[in-house]
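[1] Okay, structure incoming, though there's no sequence with it:
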Ligand SMILES: Cc1cc2nc3c(=O)[nH]c(=O)nc-3n(C[C@H](O)[C@H](O)[C@H](O)COP(=O)(O)OP(=O)(O)OC[C@H]3O[C@@H](n4cnc5c(N)ncnc54)[C@H](O)[C@@H]3O)c2cc1C
Ligand SMILES: Cc1cc2nc3c(=O)[nH]c(=O)nc-3n(C[C@H](O)[C@H](O)[C@H](O)COP(=O)(O)O)c2cc1C
Ligand code: FES
């Protein structure tokens, strides 16, 4: 039995800014940065309110081992994430990490398709960076409720992942943005589409051997279903309410097809989509 | 380094210090090894409640956060069964014993027979168990659990049945009601010590959907918000029985642990605090030692039940 390597780390906020409607990007410096793998998460204590005791589990977009920094993207949905958005440069707190098991590289050769919905974006960006560093070709679909909620700079950045050195390996990479309400960059109403519609479009054009997804459960369920129909392997990063984040409380159960439950924080958050009951 | 002797005897379980962990909030110990050296730090750990056969536990969601420093869970004793537990964690837990940390194994069941069966399996398979804690107070299972411990007669019946199956010390995990009366019945039935309290049954309703925020209508409340209630119950129980108590409920600081000891607890378990502040145990222990020293005693035992009313 392997002993746990999850531990407590201090962190200091480097930057914290609003980057889209209700969505913030935080860069923090922490000793967890060189230890964490794409798709893993951290469990953050947000100071300032003793009446809320639970930490907030957050995935990350990018870990820079050399700089010792971690970049998060988060939506302000409640009390804790709103207080997180009030943290300023130099503010300090603690986080528990690295938590869980991250993304796995594709087992089969071929392109990967990445599908993010809403604030499922950060781990998908981390997966994209991981694939780029392994020279695996991929395309990305990012869905948002409305155009103002798209984190545009981060979405655009994906086109350049792994291609900065000029030795381009994936020149035809596509990044497709969808909006549920049809809003567009120009302000004119366009196509109302879910991320899964973007996924269908791409699958009609290109062959994939692996799907990576994170977003609302209902979206991931469709993604998993479509991948299975095409016989493509699919990894999904799941969310649950979390108590500890490291396997100590059994609060974050995920129902399995073979019966019984796995723990999201310890056995996931990344699961083989065919193993979970959607 | 503290000059106060911190060793205590919890009904035959000799602890190097009074700190224990509350079942279900501490995994089976190994999850905390990245935070501190569990075996070298704690007086004891209490493992997750286990039945003879694996239990799946309740559906999701199992956890809600409440306003006012409390959480609510409906885990429902998801467990791999005694055999699976020993196979996976036995070696690690023996290692804790070797380092001087006691290992308390928790016994769960839906019926007297099931408690007996689980105890027999532990006896057969778990030489590392320093003693057992019978859980007759889980509010999150349909049969057994809290229902078994609801009356003095029911509690005593389980206790007697398990008593016949083991020589090792037996603790009983009590529900947050009638602790004096049920405590006396358990003492008469042969309990070596009592642990209290388990979570307090509560409800949390999503007013938009009119449904429970958890997968069951009621579930167990824990965390700092229940501390004062737990201290009161430890005090009431301590006045009713002569056997030692393990105080549980909302302990997050050395001062919280000290309150439990003053109210009559010999040992103190950390529960929910392990989940939100996983490295809290060494800090709580240091704070407890500082407090004992500040009280001018040579031995922490002098402070057990030293509350002045
Ligand atoms: C492994 C994991 C990774 C995550 N990564 C990210 C991320 O990168 N960016 C991001 O913005 N969010 C992420 N989340 C969700 C995030 O943890 C929650 O949005 C956050 O905890 C809400 O806290 P709050 O106090 O602001 O909201 P609360 O006031 O507690 O609740 C507001 C709403 O958020 C929901 N919620 C609360 N906790 C969770 C949770 N653990 N998971 C899902 N929904 C929750 C509640 O049901 C409620 O509807 C992740 C969750 C998990 C489990
Ligand atoms: C997630 C969770 C799981 C629990 N599981 C168990 C269990 O298996 N057996 C048990 O006797 N008590 C269980 N409890 C109750 C705790 O051991 C403890 O009695 C209670 O939480 C009160 O202490 P606290 O406020 O310090 O958490 C659980 C509590 C929580 C929060
Ligand atoms: S959150 Fe505690 S086990 Fe997953």
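    Here it is on my side, so go on. This is a predicted model, so every value here is computed, not measured. Ligands and ions are numbered 1, 2, ... in the order given.
[2] roughly how far apart are the closest residue to residue B:299 other than its chain neighbours and residue B:289?
    Excluding the flanking residues, the one nearest residue B:299 by Cβ to Cβ, 6 or more residues apart in numbering or on different chains is residue B:5, at 4.5 Å. From N, CA and C alone the C-beta is placed, and that goes for glycine too. For residue B:5, the distance to residue B:289 (Cβ to Cβ, to the nearest Å) stands at 10 Å.
[3] partners of the longest strand along chain A in the sheet?
    Ordering each strand of chain A by length in residues (DSSP state E) puts strand A:7-20 first. Sheet partners assigned to strand A:7-20 using DSSP bridges are listed as strand A:23-30 (antiparallel), strand A:92-99 (antiparallel).
[4] which other residues reach the first one?
    Think strand A:23-30. A:9-19, A:61, A:67-76, A:84-85, A:87, A:95, A:119, A:149, A:151, A:154 (Cβ atoms under 8 Å, 6 or more residues apart in numbering or on different chains).
[5] Recalculate using a threshold of 6 Å.
    Residues outside strand A:23-30 that contact it (Cβ atoms under 6 Å, 6 or more residues apart in numbering or on different chains): A:9, A:11-19, A:68-75, A:85, A:151.
[6] Equivalent analysis for stretch A:116-127, please.
    Residues outside stretch A:116-127 that contact it (Cβ under 6 Å, 6+ apart): A:38-39, A:59-61, A:73, A:75, A:103, A:114, A:142-143, A:195, A:212, A:214-216, A:219, A:237.
[7] With stretch B:102-114 instead?
    B:13, B:15, B:23, B:44, B:46-47, B:49, B:51, B:77, B:93, B:96-97, B:115, B:118-119, B:122, B:126, B:128-135, B:143-144, B:158, B:161.
[8] can you tell me which of the residues you listed are in helices?
    The helices, defined by DSSP state H, take in B:93, B:96-97, B:115, B:118-119, B:122, B:158, B:161 from these.
[9] which of these sit farthest apart?
    Between all members of the ones in helices among the contacts of stretch B:102-114, the longest pairwise span (Cβ to Cβ) is found for B:96 and B:161 and amounts to 28.2 Å.
[10] which one of those two has more residues nearby?
    Neighbour comparison, residue B:96 and residue B:161: the larger count goes to residue B:96, with 23 against 18 (by other Cβ atoms under 10 Å in any protein chain shown).
[11] any idea how far that one is from residue B:42?
    Shown here: residue B:96 relative to residue B:42, a distance of 8 Å by Cβ to Cβ.
[12] what does residue A:278 give?
    Using Cβ to Cβ, which is the criterion applied here, residue A:278 is 40 Å from residue B:42.
[13] can you check residue B:64 too?
    Residue B:64 sits 29 Å away from residue B:42, going by Cβ to Cβ.
[14] Looking at these two, which is more packed in?
    With other Cβ under 10 Å as the criterion, residue B:64 and residue B:42 differ in neighbour count, and residue B:42 comes out ahead with 29 against 21.
[15] Contact partners for residue B:306?
    Contacts were defined as Cβ under 6 Å, 6+ apart; by that measure residue B:306 touches residue B:262.
[16] low-confidence ranges in the chain?
    Looking at chain A here, since you left the chain open. Flagging of chain A using pLDDT under 70 yields the residue ranges A:1-3, A:165-167.
[17] To clarify, I was referring to chain B.
    Across chain B, residues meeting the criterion (pLDDT under 70) sit at B:1, B:142-145.
[18] All the helices of it, in order from the start?
    Remark: helices of chain B, listed N- to C-terminal, are B:38-41, B:81-98, B:112-125, B:152-163, B:179-188, B:227-240, B:254-263, B:272-276, B:280-294; assignment by DSSP H.
[19] What of the stretch 1-150 of chain A?
    Secondary structure of the stretch 1-150 of chain A (DSSP state H, counting those that start in this stretch): helices at A:79-85, A:121-133.
[20] ok, and which of these has the densest surroundings?
    Compared across the helices of the stretch 1-150 of chain A, helix A:121-133 shows the largest average neighbour count, a mean of 24 (mean count of other Cβ atoms under 10 Å in any protein chain shown).
[21] in terms of contact, does residue B:128 touch residue B:98 like I think?
    No - between residue B:128 and residue B:98 no contact is recorded; they are 9.1 Å apart, counting by Cβ atoms under 6 Å.
[22] how about the residues of chain B near chain A?
    On the criterion Cβ under 6 Å from any Cβ of the partner chain, chain A has as its neighbours in chain B the residues B:25-27, B:30-31, B:33-35, B:56, B:60-63, B:65, B:67-69, B:73, B:75, B:78, B:92, B:223, B:275-276, B:279.
[23] residues touching the residue of the stretch 101-250 of chain B at minimum distance from ligand 3, list them.
    Minimum separation of the stretch 101-250 of chain B from ligand 3 (Cβ to the nearest ligand atom) falls at residue B:222, amounting to 13.2 Å. Residue B:222 makes contacts with B:199, B:271-272, as judged by Cβ under 6 Å, 6+ apart.
[24] Now do it against residue B:60, distance only.
    Residue B:222 sits 18 Å away from residue B:60, going by Cβ to Cβ.
[25] I'd like the helices of the stretch 1-150 of chain A as CSV, with distance to ligand 1 appended.
    Putting the helices of the stretch 1-150 of chain A into CSV (distance: least, Cβ to the nearest ligand atom, whole Å) gives the following:
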stretch, distance to ligand 1
helix A:79-85, 3
helix A:121-133, 4
